[in-house]
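> pasting a predicted model and its sequence here:
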Number of protein chains: 2
Amino acid sequence: MARPRLQDVANHAGVSLATASRVLNGSSRQPGPELVERVRAAAADLGYVVNAQAQALARSRTGLLGLVVQDISDPYFSSIAAGAQAAAREHGRMVLLASTERDPDAERDAVAAFAAHRVDAIVVAGTRWSPEEDAPVATELEAFEAGGGRAVVVGQPLGPARVVRPPNAAGAADLAAALHEQGHRRFVLLSAPERVVTAQERAGAFTDAVAAGGGEVLEVIEQQFSRDGGYAAGDRVAEIAREAAAAGLDAPCVFAVTDVMAIGLIARLRDLDVAVPDDVRVAGFDDIPTLRDHVPSVTTVSIPLEEMGRLAVAAAVAEEGAEAGAVVGHEVVLRESTAR
Amino acid sequence: MARPRLQDVANHAGVSLATASRVLNGSSRQPGPELVERVRAAAADLGYVVNAQAQALARSRTGLLGLVVQDISDPYFSSIAAGAQAAAREHGRMVLLASTERDPDAERDAVAAFAAHRVDAIVVAGTRWSPEEDAPVATELEAFEAGGGRAVVVGQPLGPARVVRPPNAAGAADLAAALHEQGHRRFVLLSAPERVVTAQERAGAFTDAVAAGGGEVLEVIEQQFSRDGGYAAGDRVAEIAREAAAAGLDAPCVFAVTDVMAIGLIARLRDLDVAVPDDVRVAGFDDIPTLRDHVPSVTTVSIPLEEMGRLAVAAAVAEEGAEAGAVVGHEVVLRESTAR
């Protein structure tokens, strides 16, 4: 059986097509209550399904919200997506999802595709890249806002977007202070290439705080901003740990700029029979949900990932003139992986 | 600056609005090559962004694909979503995402909302529930297919949907056989309430295979189908392990019907100082990505989660008459958690 059309509902109710449309597509111009009731009854009778595109034309918005993440299978992003999804449902919005495999070109393509689907707002989550790599997506967001859309980032500023900013610098500085308090002085920094802005923010603030406390960063290891990048750093970290032990020095403390790198590093150290925290200490950043079942438990900076997704959607659907950004809190969580 | 409209492009190219629409919105009726070229040049000149809704009207499809998962922050579903997302991009489709928090009512609402947005296809991933709970979403999918949409499930059959079926029974039977081969005979089944069909398929096949091998299921523990459900089972499993040790019996082997339950169980056993695998053995199912960094490493049935997401999208976009379902493989992976 073919799906009933709006014209069928109008005929069944004995009203004009325009009247049926106003009732069922939520126009601000509604006919009298008797007609509204008659149209609704006819729609229920026929099993008419509302056409969201027609609703969008009537309301001048689509109810769609585009969410761009860098890897939906990474717990950092799936947590943000879960928060965004929950908030979108509460606001009656549908989420269009794009996962870009950490490729700035794919990010630009996703924004362009969302704009072509006339989403009301676009949320771009994840670290920014170099200014050259960010320029194309910033340009797309400018065109999108010029056309009446709303752009929000979870990360660093990008073009015209409102910003939900992870507390990268403050969190890393507080982590360094807490580790200093525990007695750590000899650090290794496990960071990512210079183009990864989140890694630079965390590494920079950590380095400054270590220096301020009279500690030392022995070495900076640069790897991919992922679990596999952390794993790849394991051999060099093991060497540093063995040199320290041979020289009778305190076991070094590695700050991995994201939890997934810390987890990959610990996996490789386990393969190499280097004990955490006895031979080397490891701290991460983010407090992703999978961390709670990790052995050893991992010291980190906890940031509210789901809440960040919620705040981004709140900024995306807020009325014009509402607060243009959001600040989120953080907490240093000391666990087994840095115990002395 | 306001975004240029199709009329502006038509004026700039000196053609009618209908001609500009046919060129830019991909209609099957195209004007001659000289006109096509002139319209494209005008669009590039003005920075015109194609309106996907207009394209949809011209092509009678929206290019949208709805994906319903039960919890996007669960690695099982974020892996399926990653595969679906990658395949959708390859097919030029956009993914609308809904995460239902394992609530059948939310599942029905998501399907209805996707249908109202005139998606071309809907993929529903995750276990089926009781027939009564499944009926409303099955009815929605029937209406959706009657209107020309395409429905696909990753899980058990549901209404008119094509099925990508996880090898639950075959995988659980092979796991039981492999554990028997290792010498295990005394099993505990950590399953979920009867309404969770995936849990029943795995538990049923495992129980039958254990009986066929002359082993014994000592007890069935029923908990929520989640990490926290596994955690909640820890106290009872610890008791069973202590009773076995006191009686001088072989340490029992727990089959948790999903990896996240196995991980939650092991976390609780650690709190209780019950050693895995020395005091109790634990096996899971799914081989979620986070498992590779788990200590101890966990015996499981590996199923290709990303591939299942890809297959679902392939079925969703396939031409009429293409293969109506897909079978995926599995592999038993024996790791530390069941070592004797």
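Arrived safely, thanks for sending. Residues are numbered from 1 along each chain as shown, chains lettered A, B, ... in the order given.
> contacting residues for the closest residue in space to residue A:215 that isn't next to it in sequence?
Counting by Cβ to Cβ, 6 or more residues apart in numbering or on different chains, residue A:185 is the residue found nearest to residue A:215 once chain neighbours are left out, at 4.4 Å. Glycine gets a C-beta too; all of them are placed from N, C-alpha and C. For residue A:185, the residues meeting the contact criterion (Cβ atoms under 8 Å, 6 or more residues apart in numbering or on different chains) are A:214, A:215, A:216, A:250.
> make a markdown table out of the residues you listed and add neighbour count, secondary structure and pLDDT.
Listed next are the contacts of residue A:185 as a markdown table, based on neighbours: other Cβ atoms under 10 Å in any protein chain shown; DSSP: H, G, I helix; E, B strand; the rest coil; pLDDT from 0 to 100:
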| residue | neighbour count | secondary structure | pLDDT |
| --- | --- | --- | --- |
| A:214 | 8 | coil | 96 |
| A:215 | 18 | coil | 97 |
| A:216 | 12 | strand | 97 |
| A:250 | 14 | coil | 96 |
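> how about these, which pair is most distant?
Using Cβ to Cβ, the contacts of residue A:185 reach their maximum pairwise distance at A:214 and A:250, which is 13.9 Å.
> can you give me the helices for chain A?
Here chain A has its helices, by DSSP state H, at A:6-13, A:17-24, A:33-46, A:52-59, A:75-90, A:104-116, A:131-146, A:168-182, A:197-212, A:227-232, A:234-246, A:259-271, A:305-317.
> other SSEs contacting the last one?
Identification of packing neighbours for helix A:305-317 by 3 or more Cβ pairs under 8 Å, 6 or more residues apart in numbering or on different chains; DSSP states H and E yields strand A:64-69, helix A:75-90, strand A:121-125, strand A:150-154, strand A:162-165, strand A:325-327.
> that helix: which residues count as buried?
A:305-317 (16 or more other Cβ atoms under 10 Å in any protein chain shown).
> what's the answer for the second one, then?
Of the residues in helix A:17-24, those scored as buried under the neighbour-count criterion (16+ other Cβ under 10 Å) are A:19, A:20, A:21, A:22, A:23, A:24.
> show me the domain layout of chain A.
A:6-59, A:64-166+A:306-327, A:168-302 (automatic domain parsing).
> for the ones you listed, could you give me a markdown table that also reports distance to residue B:77?
A markdown table is the format used below for the domains of chain A (distance: least, Cβ to Cβ, whole Å):
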| stretch | distance to residue B:77 |
| --- | --- |
| domain A:6-59 | 25 |
| domain A:64-166+A:306-327 | 8 |
| domain A:168-302 | 13 |
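> ok, now which ones touch residue A:164?
If you count contacts by Cβ under 8 Å, 6+ apart, residue A:164 has them with A:152, A:153, A:154, A:155, A:308, A:311, A:312, A:315, A:325, A:326, A:328.
> so for residue B:191, which of the domains of chain A sits nearest?
domain A:168-302 (20.3 Å).
> end to end, how far does the closest one reach?
Using Cα to Cα, to the nearest Å, the span of domain A:168-302 from its first residue to its last is 11 Å.
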